[in-house]
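Colleague: Can you look at this prediction? I've put the sequence above it.
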Amino acid sequence: MDDTLSPAKNKADSEMISLLEKLLKKYKILITTWWMFKNIENQILSNFSQSVNLENLFLFPTNASKMFQYVDWKWIEDYALDLENTEIELITNVLNKAIVDLDLKPENTWGEIVENRGSQVTYSALGQQAPLEAKREWDQNKKIRQKIRDYIKDDLEKFDVAVCWTTSIDIMKKWIDKSYAIYEMMKRYNIDKTEIFYIADALFEWWNDYVVKSTWVDTKQVENPENTKIIIKELI
């Protein structure tokens with residue numbers, strides 16, 4: 001979603017919404033993101049017209065650890081692979097210890113640094129509400145987050161630990177990532193991998209879209225929503 005369909009943490013513009021509405025008339029679309037359902041609702045869903053065919057839209061928030069479908073004029077949660085309370089406590093404690101041990105507490109923070117998203121615990125170095133400019137300046141080469149990942153991986157060996165976007169690390173159940181969304185669509189709707197096209201801005205190695213390459217579907221790297229608009233226009 002972020003930097004693919006909309007600017008990070010911002011609403012998609014009217015042109016993107018119009019293109020998505022046209023695309024939904026021809027294809028099934030899945031949106032998968034590390035954000036929660038409410039973020040997809042704010043950035044994408046709230047901008048659709050009332051006449052759009054939402055039955056062709058499938059949502060996989062928090063790195064596909066949840067799925068939502070539009071049924072009988074409302075969004076329903078199809079599944080939720082939530083973490084147990086004891087697992088959330090363990091992950092939170094390990095992350096907080098790493099912040100102290102590695103001296104990573106920044107002078108300025110905006111919102112929670114460690115956030116419980118139910119099916120996922122997310123570490124955001126500067127806080128969930130940090131300005132985009134500050135996020136993009138921090139850890140541009142991912143070395144700090146890879147250092148954190150290496151530090152906590154033994155204590156969290158039962159979980160997947162993914163370096164994401166600009167300041168985040170996502171921790172969830174094993175084998176639950178964006179490729180899970182692809183496999184769910186293939187299984188549920190008898191779709192062959194040759195019929196799937198995945199567009200994302202983070203298909204680089206170790207980034208959270210990279211796992212989709214393991215499904216062998218066609219992928220396309222984009223830098224921003226303007227690139228995505230060009231692709232959608234070709235598809236419609």
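Modeller: Done, it's in. Numbers count the residues shown, from 1 in each chain.
Colleague: quick one: contacts for Glu21?
Modeller: By C-beta atoms under 8 Å, 6 or more residues apart in numbering, the contact list for Glu21 reads Phe48, Ser49, Val52. The C-beta positions use only the backbone N, C-alpha and C, and glycine is treated the same way.
Colleague: So it, which state does it fall into?
Modeller: helix (DSSP: H, G, I helix; E, B strand; the rest coil).
Colleague: Against Lys220, how distant is it?
Modeller: As judged by C-beta to C-beta, to the nearest Å, Glu21 and Lys220 stand 21 Å apart.
Colleague: Okay, now the unreliable bits of this protein?
Modeller: Filtered on pLDDT under 70, the chain yields the residue ranges 206.
Colleague: and Trp75, that one's in a helix?
Modeller: No: when three-state DSSP is applied, Trp75 is found to be strand, with no helix at that position.
Colleague: what's the nearest residue to it if we skip its chain neighbours?
Modeller: Phe68 (5.0 Å; C-beta to C-beta, 6 or more residues apart in numbering).
Colleague: Could I have the CA atoms of stretch 90-109 written out in CSV?
Modeller: The C-alpha trace of stretch 90-109 is given here as CSV (Å, rounded to 0.1, in the frame of the first residue of the first chain):
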residue,chain,number,x,y,z
LEU,A,90,7.7,-12.3,25.2
ILE,A,91,8.2,-10.3,21.9
THR,A,92,7.5,-7.0,23.7
ASN,A,93,10.0,-7.8,26.4
VAL,A,94,12.7,-8.9,24.0
LEU,A,95,12.3,-5.7,21.9
ASN,A,96,12.4,-3.4,24.9
LYS,A,97,15.5,-5.1,26.2
ALA,A,98,17.2,-4.7,22.8
ILE,A,99,16.3,-1.0,22.8
VAL,A,100,18.1,-0.6,26.1
ASP,A,101,21.0,-3.0,25.5
LEU,A,102,21.8,-1.5,22.0
ASP,A,103,21.2,2.1,23.2
LEU,A,104,18.5,2.7,20.6
LYS,A,105,16.2,5.1,22.4
PRO,A,106,16.0,8.2,20.3
GLU,A,107,15.8,11.7,21.8
ASN,A,108,12.5,12.4,20.0
THR,A,109,9.7,9.9,19.5
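Colleague: got the contact list for that stretch?
Modeller: 83, 113-114, 116, 121, 123, 125-127, 130, 134, 144, 147-148, 151-152, 155-156, 159, 169, 171.
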